[in-house]
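Student: Provided below for reference: sequence and predicted model.
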Amino acid sequence: MLGDFFQNKIEDAGATARLRGMVGVLRKRDVVRGMTPTKLRLVLEDLGPTFVKLGQVMSMRPDFLPPEYCDELMKLQSSAKPLPFSVILGVIEQEYSRRWNKVFSYIDEEALGSASIAQVHRAILNTGEKVVVKVQRPGIYDIMNQDIVLLKRAATLLKIVSHSQDVVDFNMVLDEMWTIAKQEMDFLMEADHIEEFQHLNRDIEYISCPHVYRQLSTQHILVMESVEGIRIDDFEQLKSRGYDIDQLGHRLGENYVKQIIEDGFFHADPHPGNIWIRNGRIVWLDLGMVGRLSGRDRAAIRKAVFALTSHDTFEMKAAVLSLGVVRGKINHTALYQDIDAMLSQYSSLDFSDLQMGVLTRQIMNLMRVHHIGCPQGLSMFARGVLTVEGVMRMCCPKVSFVEIFAKSLALDYKKHFHWRDELDKAKREGFLLLRKSAQLPEQISDILKMTMSGQTKVNLDLTGSEEPLRKVDQMINKLILALLVAALLLGSSTICTTQMTPKIMEIPLLGFVGYLIAFVLSMRIIWEIHKGR
């Protein structure tokens, strides 16, 4: 009991110190004078790994932040000061419960890369294979967990103070960030991702990813083969080696569309540093953060792309409603008009100039405005597509990602189209239609019986009727007031013909009060008419 008490005190002291550090960063960046996209990025970088990860997640949520903030937060890098080599060796030996040289013959002291969650070193196994070792920073889980607790407390306070009814709940964004962070901190999960990616792309000759040494990988250490190749944005080296850069870019787009449409399992952070070329093959690195799309999500994305190519506003509206989760009452007329206005922007635009990532973010912004929640998979899809399109514009600016997307969808439809299946589907739907049609006379008879007995209740939801109904309501209120005035005048006049006491200026008091109330109500009616209400 006493131990728990002191432990809680220590944790509270740690939280207080962390809060003090956060306040110091906010003062340093002069946040009280206003926030800009650049200032927000710098603040998050100063606050440490939790906030860098939060910024990266928020950059995927145009339904949460304006576009200029999302663009700036996409620049956030998880780079960090390298840990001392002795600390890295300590983690390795603790995980393996033996000396590091019992596993490796050599580990490069200089870090190949140092991020907020992990650090990577080149190494050679005792069996002679060249590998890279990804080592998790000690204590990073506890640091991020403490920050998440503090942020959730702050989010609760903000909700109490602002009484916000926005579509996006900040706690939901924090949960999403923490889910992604835990996913990246569990290296066994990353190993599972790599193996799943290998399996899904096993039949594509020009796609690969590093081999994982499962027997040497733990939750905090990941050992993979060393990839000796060229980054996809190192065009000089690629050209000197005789690579066709346009072909590489086209293949990259085709494979990413396959990951989205066919697999529903895609690389969620496809920046140039994670895409290398080795022996003519595209090698995908760092599969710690991946996105998943359900069959329903993929069907909605297909519908959206087809609607875009045919400029079908109705189908695009149906796709938008399928992609999200409705959080409030939707004005379908306004939603239709906004989607029609969005599609009209692309009516005269060359299809090859259209950017899928920008379009996706526009759709997500529409969802925010119309109280439609955005699922995590869609936000990761938006960021991934935006990033891949950026890489493709560098590699092959003449190749359109949307054209590849549309072509892949057409091929996917042809590949999965079978006359026998379509006929069976038509038979089933025809049978269901006949069965429901046979029930119509009985249902109509029941409705008539209920109506005649006074049991029928009809609910009408007239979209766009709020303003006309408000005006009708105001007119009825004025009519009621006018009737009250007339009744008061008639009643008061009748009372004045009697000898009722008490009296004021020879007028019965009750009649005088009636005239006064009638006068006040009349002035109110005149004022409302004058104001045009």
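Tutor: Received it, and whenever you're ready, just let me know what you need.
Student: all contacts plus neighbour counts: C-alpha atoms, from now on.
Tutor: Fine.
Student: can you tell me which residues contact Ile140?
Tutor: Neighbour list for Ile140: Ile117 [criterion: C-alpha atoms under 8 Å, 6 or more residues apart in numbering].
Student: give me phi/psi at it?
Tutor: Here is the backbone geometry of Ile140 (degrees, to the nearest 10): phi -70, psi -30.
Student: State the pLDDT value of it.
Tutor: If you check Ile140, the pLDDT there is 87.
Student: can you check Thr218 too?
Tutor: For Thr218, pLDDT reads 94.
Student: how about it, secondary structure?
Tutor: The assignment at Thr218 comes out as coil when based on DSSP: H, G, I helix; E, B strand; the rest coil.
Student: Find the nearest non-adjacent residue to it, please.
Tutor: Leu188 (6.0 Å; C-alpha to C-alpha, 6 or more residues apart in numbering).
Student: same thing with Gln376?
Tutor: Nearest non-adjacent residue to Gln376, counting by C-alpha to C-alpha, 6+ apart: Glu176, 7.1 Å away.
Student: how close does the one you found get to Cys374?
Tutor: Separation of Glu176 from Cys374 (C-alpha to C-alpha, to the nearest Å): 12 Å.
Student: When the two are compared, which one has more neighbours?
Tutor: More crowded of Glu176 and Cys374, by other C-alpha atoms under 10 Å: Cys374, with 24 against 16.
Student: give me phi/psi at the more buried one?
Tutor: Residue torsions, per degrees, to the nearest 10, at Cys374 are phi -110, psi 120.
Student: Now do the contacts for the residue nearest to Ile260 when sequence neighbours are not counted.
Tutor: Distances taken as C-alpha to C-alpha, 6+ apart place Phe266 nearest to Ile260, at 5.9 Å, with adjacent residues excluded. Phe266 makes contact with 256, 259-260, 290-292, according to C-alpha under 8 Å, 6+ apart.
Student: re earlier: go through the one helix or strand the residue nearest to Thr218 maps to and flag the buried ones.
Tutor: Assigned by DSSP states H and E, Leu188 belongs to helix 187-200. Neighbour-count burial for helix 187-200, counted by 16 or more other C-alpha atoms under 10 Å, picks out 187-191, 193-195, 197-198.
Student: pLDDT and distance to Val43 added to these, as TSV?
Tutor: Formatted as TSV, the buried residues of helix 187-200 follow (pLDDT from 0 to 100; distance: C-alpha to C-alpha, whole Å):
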residue	pLDDT	distance to Val43
Phe187	93	28
Leu188	94	32
Met189	93	30
Glu190	93	29
Ala191	95	33
His193	94	32
Ile194	95	33
Glu195	95	37
Phe197	96	35
Gln198	95	38
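Student: Name the nearest of those residues relative to Ala304.
Tutor: Phe197 (26.0 Å; C-alpha to C-alpha).
Student: ok, the residue nearest to Thr218 to Ala334 distance?
Tutor: Applying C-alpha to C-alpha, the value for Leu188 to Ala334 is 47 Å.
Student: How about Ala382?
Tutor: 24 Å.
Student: about what we covered before: relative to Glu176, how far out is the residue nearest to Ile260?
Tutor: Distance of Phe266 to Glu176, computed by C-alpha to C-alpha: 17 Å.
Student: No further queries at this time; thank you.
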